[in-house]
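Trainee: How does the following fold in three dimensions:
(one chain, ligands or ions: 2)
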Amino acid sequence: NEPYLEIRDLTVAFPTADGVVRAVQGLTYSLELGKTLAVVGESGSGKSVSSMAIMGLHDSKSTRMTGSIRLGGREIVGMPADELKHVRGKASAMIFQDPQSSLHPFFKIGDQIVEAYQAHNNVSKRAARKRAADMLGRVGIPNPARRLDDYPHQFSGGMRQRVMIAMALVNDPKLLIADEPTTALDVTVQAQILDLIADLQQDFGSAVLFITHDLGVVAEIADDVLVMYGGRAVEHGTVKDILGAPLHPYTWGLLESIPAVSGESSRLHPIPGTPPSLLNLPTGCSFHPRCEFRSQVTDDLCAKELPDLVARTDQAGRASRCHLAHPDLIFADEILPRLP
Ligand code: SF4
Ligand code: MG
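Mentor: Ligands and ions are numbered 1, 2, ... in the order given. This next block holds a predicted model:
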């Protein structure tokens, strides 16, 4: 299967008065149609910045971007803004944690979906309204034709999330990017929205890029997982690999901090310390100030040298960025009994 999304050595940086914010560095991954990749990390890991780059949402004046993002064979990096407008919404669409990011509070939802549809299709208003109502029905909004003339505030949080998904999917995009879409919802509604996204993916055959800090959500929805830290990929593998036998100390830390019930705010074993500043990343392995395995690597190499992202030859798609030669051997025995 040809990948629909291919990212190669992507770097995104924002020059500021205080220095250069290195939000994403050397990021490489690909995603096929019909598959869901979860990009996982704390805030400031680069997961949202990289997904916004795929959508062409960074202002070219304030952003320095190098590397390659190919979407259905077309290069996004360096694409002129007017061309990007045609790609956005049609080839890829995005849903956010807060529906206000895509739904304007002062306009009827039907008009907003109609406008999104007509931006890419030369159809009558009547046909576009029909399409909007069909999409609302498809995402589980009762009496869809009658809800077209309602405003966003007339929907509950979960229903508003569905309206936003309907609008994102109205042009049948091949790539759906979901950035923490369920974080603000209660657990029951969150599960419904995850089910809906999985259902729609089946029907539409699209690729889904799911951005989250919550490994509990990952277990529900992902095929593959990319873990990011300090703007770089630190681990990649299937959902079974990542949740069952993580290779990287940071991934292990994330797993240990999954709350017993997904959505509950208390953490079991939070990772000590805070995520690094992207203005001033630690030397060597960005995770070294927080890593409990640093002392197992000789010569304080963790503080001196950035480890490569090394692919494992024995497991396709499996890679991690850590100086420990065989971290899996060290972790497996300790961690497996503790998994749910
Ligand atoms: Fe920890 Fe060193 Fe591995 Fe970084 S390279 S994750 S500091 S053991
Ligand atoms: Mg974010």
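
Trainee: Summarise which helices and strands whichever strand or helix holds residue 29 is packed against.
Mentor: Using DSSP states H and E, residue 29 maps to strand 19-32. When contacts are defined as 3 or more C-beta pairs under 8 Å, 6 or more residues apart in numbering; DSSP states H and E, strand 19-32 sits against strand 3-16, helix 47-54, strand 64-71, strand 207-212, strand 232-238. Where C-beta positions appear, they are placed from N, C-alpha and C, glycine not excepted.

Trainee: same thing but at 10 Å, please
Mentor: Under the contact criterion of 3 or more C-beta pairs under 10 Å, 6 or more residues apart in numbering; DSSP states H and E, strand 19-32 touches strand 3-16, strand 36-40, helix 47-54, strand 64-71, strand 207-212, strand 224-229, strand 232-238.

Trainee: Could you export the ones you listed as TSV, including distance to ligand 1 and mean pLDDT?
Mentor: Supplementary listing: the helices and strands packed on strand 19-32 in TSV, determined by distance: least, C-beta to the nearest ligand atom, whole Å; pLDDT from 0 to 100:
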stretch	distance to ligand 1	mean pLDDT
strand 3-16	21	96
strand 36-40	16	96
helix 47-54	18	94
strand 64-71	23	97
strand 207-212	21	95
strand 224-229	9	96
strand 232-238	7	95
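
Trainee: Make JSON lines from these and add distance to residue 79 and mean neighbour count to it.
Mentor: Output for the helices and strands packed on strand 19-32, formatted as JSON lines (distance: least, C-beta to C-beta, whole Å; neighbours: other C-beta atoms under 10 Å):
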{"stretch": "strand 3-16", "distance to residue 79": "14", "mean neighbour count": "18"}
{"stretch": "strand 36-40", "distance to residue 79": "22", "mean neighbour count": "25"}
{"stretch": "helix 47-54", "distance to residue 79": "11", "mean neighbour count": "23"}
{"stretch": "strand 64-71", "distance to residue 79": "9", "mean neighbour count": "18"}
{"stretch": "strand 207-212", "distance to residue 79": "18", "mean neighbour count": "24"}
{"stretch": "strand 224-229", "distance to residue 79": "23", "mean neighbour count": "26"}
{"stretch": "strand 232-238", "distance to residue 79": "24", "mean neighbour count": "24"}
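
Trainee: Quick check: which of these is nearest to residue 218?
Mentor: strand 36-40 (4.4 Å; C-beta to C-beta).
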